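S.K.: give me coordinates for this.
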Amino acid sequence: MRVFLTGGTGFVGRHVVRELLDRGHDLLLGVRNPQKAVNLFGEKVKARKVDFEDKNSIEETLKEYNPHVVIHLIGILYELRSKGITFEKVHYLYSKNLYEACINVGVDRVVHMSALGTHDKAPSRYHQTKRWAEKVLIESGLSHAILRPSLILGPEQKLFPDMDRITKLIPIVALPGGGGYKFQPVDVRDVARCFAELTENSLEGTFELCGTKVVSFKGLLKDIFSFWNRKVLMVPMPKKLMYLMGKVVEKILEPPPFSSDQILMMWRDNICGELGDAIPDGVRHITGKDPIPYEESLKWALEGYSKINS
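M.R.: Residues are numbered from 1 along each chain as shown. Here you go, the predicted model:
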């Protein structure tokens, strides 16, 4: 099966690419830097530079490749406004251009990466623009599946280098709202398997992807620091104060260590079934298998992170 995939060199993308290759699919990656794709995957995949601000660039690529399925993974966690990288552009405009191109070219199916917490009432710009992209796809008439994962565990999880770097310098971490905000972390290998399964079948809908255990932000950090055998003081901090601090920090540092929008993302616990507008047991529903246990997943992810950075 021919699959056109965006965001293939990112954290989740590289695992999705490897899962699809293992299943024997033919892949074309739409990327900013084809050489990065070559460095990661060698000659196993084809890569083409695509400008997702230009619908004609996308259409030209899709016409030439004629994919059976498009997988859209592009996303950002924070904006870099000095470089013109905004949530509205990356989450909404890129998706709108891609899906309009899919309609014009006659692509059969799309599998789209969203995020848990995405909702019409979400206060963060991150979730708002994710929701706009979902709506464009839902209203497009294309056969589609939308995936909303909770925090994704894998060696490339950005939380690991952030916490590692900060606590090596100063063993103190601020906890927004005392760190009680809850996640239900999901293994990136389960996420990759879900994308592959939805590439190979016609299942439609919006699916939440979560792991086996609900854990607070404080609990997750404790588990990470315990693995590193590192003593770290975790200091509770009011969310409103951290939001204001984020407003200041993001004007000084780019990328910021944390942003005001990331504090707004904590509007609801990041666990499956919280919002009630999607299928909550996505991993099992899509793959027919239980998610990888939290403890096993975190150990594998942190061991992989250590190898990458050794």
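S.K.: which phi and psi does the closest residue to D162 other than its chain neighbours have?
M.R.: Using CB to CB, 6 or more residues apart in numbering and skipping residues adjacent in sequence, the residue nearest D162 is P257, 6.9 Å away. For the C-beta atoms, the positions are set from N, CA and C on the backbone; glycine is no exception. Phi and psi for P257, reported as degrees, to the nearest 10, are phi -60, psi -30.
S.K.: correct me if wrong: P257 contacts E250.
M.R.: No - with contacts counted by CB atoms under 8 Å, P257 stays clear of E250, the gap being 9.3 Å.
S.K.: if we can go back for a sec, from N39, how far out is the residue nearest to D162?
M.R.: 28 Å (CB to CB, to the nearest Å).
S.K.: out of these two, which sits in the busier spot?
M.R.: P257 (14 against 10; other CB atoms under 10 Å).
S.K.: what residues are up against D277?
M.R.: Applying CB atoms under 8 Å, 6 or more residues apart in numbering, we find D277 in contact with 119, 206.
S.K.: how near is it to R131?
M.R.: Separation of D277 from R131 (CB to CB) stands at 10 Å.
S.K.: now do the helix or strand encompassing L298: distance to the chain's middle.
M.R.: In this structure, L298 sits in helix 294-308 according to DSSP states H and E. Its chain's C-alpha centre and that of helix 294-308 lie 18 Å apart, by CA atoms, centre = their mean, to the nearest Å.
S.K.: going by neighbour count, list what's buried in stretch 227-245.
M.R.: For stretch 227-245, the neighbour count (16 or more other CB atoms under 10 Å) marks 227-228, 232, 234, 237, 242-243, 245 as buried.
S.K.: quick one: contacts for V31?
M.R.: Applying CB under 8 Å, 6+ apart to V31 gives the contacts 6, 8-9, 37, 47-50.
S.K.: hey, what's it bridged with?
M.R.: K49 (DSSP bridges).
S.K.: please produce JSON lines containing the contacts of V31, extended by distance to K299, neighbour count and pLDDT.
M.R.: Output for those, formatted as JSON lines (distance: CB to CB, whole Å; neighbours: other CB atoms under 10 Å; pLDDT from 0 to 100):
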{"residue": "T6", "distance to K299": "31", "neighbour count": "23", "pLDDT": "98"}
{"residue": "G8", "distance to K299": "26", "neighbour count": "27", "pLDDT": "97"}
{"residue": "T9", "distance to K299": "26", "neighbour count": "22", "pLDDT": "97"}
{"residue": "A37", "distance to K299": "29", "neighbour count": "26", "pLDDT": "95"}
{"residue": "A47", "distance to K299": "33", "neighbour count": "21", "pLDDT": "97"}
{"residue": "R48", "distance to K299": "37", "neighbour count": "16", "pLDDT": "96"}
{"residue": "K49", "distance to K299": "38", "neighbour count": "14", "pLDDT": "97"}
{"residue": "V50", "distance to K299": "37", "neighbour count": "23", "pLDDT": "97"}
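S.K.: distance to L147 for those - can I get that in JSON lines?
M.R.: Output for the contacts of V31, formatted as JSON lines (distance: CB to CB, whole Å):
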{"residue": "T6", "distance to L147": "14"}
{"residue": "G8", "distance to L147": "16"}
{"residue": "T9", "distance to L147": "19"}
{"residue": "A37", "distance to L147": "22"}
{"residue": "A47", "distance to L147": "23"}
{"residue": "R48", "distance to L147": "24"}
{"residue": "K49", "distance to L147": "26"}
{"residue": "V50", "distance to L147": "22"}
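S.K.: what helices or strands is the helix or strand encompassing A101 leaning on?
M.R.: Using DSSP H and E, A101 sits within helix 94-105. Using 3 or more CB pairs under 8 Å, 6 or more residues apart in numbering; DSSP states H and E, the elements in contact with helix 94-105 are helix 55-65, strand 69-72, strand 109-113, helix 125-140.
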